[in-house]
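Asks: quick one: sequence and predicted model below, then my questions.
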Amino acid sequence: MESLNLGGRGLTELDPDIRRHRGLRELYLHDNALTTLPEWLGDFPELRILDLSHQGITALPESIGRLGRLEFLYVSDLAITELPESLGDLGSLRYLGATDNGLEKLPAALGRLDALVELRLYGNRLTELPDGYGGLRALRELHLDGNPIERLPSTFEALTDLRVISLRANALTEFPVQLSRLPHLRQLDLRANRITALPDLAADAFPALEKLDLRWLDLDGVPAWVDALQQRGCLVYRTSAGTTQ
């Protein structure tokens, strides 16, 4: 057996007999009534996909870091307030979805996830990200909407493969200048932050940007580089004098 789908079964605990299927590549446990997870969850050396989302799980076991071939981890809409440091040992992880939880901080160890392509953390209580996350060199999408994040690390200028970053409804007070140097960034969403001024940037800032969303920012004005983006074909959304452009 390579795939086991136990999602939506109303489970309150896991049957230890599942351990017999050590060759599992996909394990779906979403939409149950689990609140705890056993340490033997880390005993599936071939596992590629693990879905634990949408239930009352209060903590992830440290043993999850033993899933060395895991590529996709779904832990959204749980009752967790932190992620285990052991997640940094998941060297094959390409996707991490930990949205709609109560996360207030993140383990620095996640900065070691060299294979991570997409990170979704929206709907949490994060105020900052560790500087080490600038080491996520394979990252292409970063979704952080609905957090009270006040600043981005300066190390984010090293995320040279980043294509999409969404920061809607955060608490940024300064425009993240470090993102303007990313060679492949295509979409930047800064809606509904506390930014009141845009910096002066060179006309060639954001060389690959296709969409910039500045709506619901209380801006004093718009500098020339924004017009230059539009002239290059970038879609720029902004609110001005009560209208959206």
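Replies: Now that the structure is in, tell me what you want to look at.
Asks: in this protein, which spans are helices?
Replies: Remark: helices assigned in the chain by DSSP state H are 224-231.
Asks: which residues are in contact with stretch 71-81?
Replies: 30, 35, 48-60, 64, 83, 87, 90, 92-104, 115, 120 (Cβ atoms under 8 Å, 6 or more residues apart in numbering). Where you see a C-beta, it was placed from the backbone N, CA and C, and this is true even at glycine.
Asks: can you check stretch 22-29 too?
Replies: 1-7, 11, 14, 18, 43-52.
Asks: same question, stretch 118-129
Replies: Under Cβ under 8 Å, 6+ apart, the answer for stretch 118-129 is 76, 94-106, 136, 139-153, 166, 171.
Asks: just the buried residues of those residues.
Replies: 76, 94-101, 103, 106, 136, 139-147, 149, 152-153, 166 (16 or more other Cβ atoms under 10 Å).
Asks: find the nearest non-adjacent residue to Ala108, please.
Replies: Pro130 (4.6 Å; Cβ to Cβ, 6 or more residues apart in numbering).
Asks: quick check: that neighbour vs Leu152, distance?
Replies: 11 Å (Cβ to Cβ, to the nearest Å).
Asks: can you give me the strands in the protein?
Replies: 3-5, 26-28, 49-51, 72-74, 95-97, 118-120, 141-143, 164-166, 187-189, 211-214, 235-240, 243-244 (DSSP state E).
Asks: take those strands and write them to CSV, including mean pLDDT.
Replies: Shown next, in CSV, are these (pLDDT from 0 to 100):
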stretch, mean pLDDT
strand 3-5, 98
strand 26-28, 98
strand 49-51, 98
strand 72-74, 99
strand 95-97, 98
strand 118-120, 98
strand 141-143, 98
strand 164-166, 98
strand 187-189, 98
strand 211-214, 98
strand 235-240, 87
strand 243-244, 42
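Asks: of all those, which one comes closest to Thr196?
Replies: strand 211-214 (11.6 Å; Cβ to Cβ).
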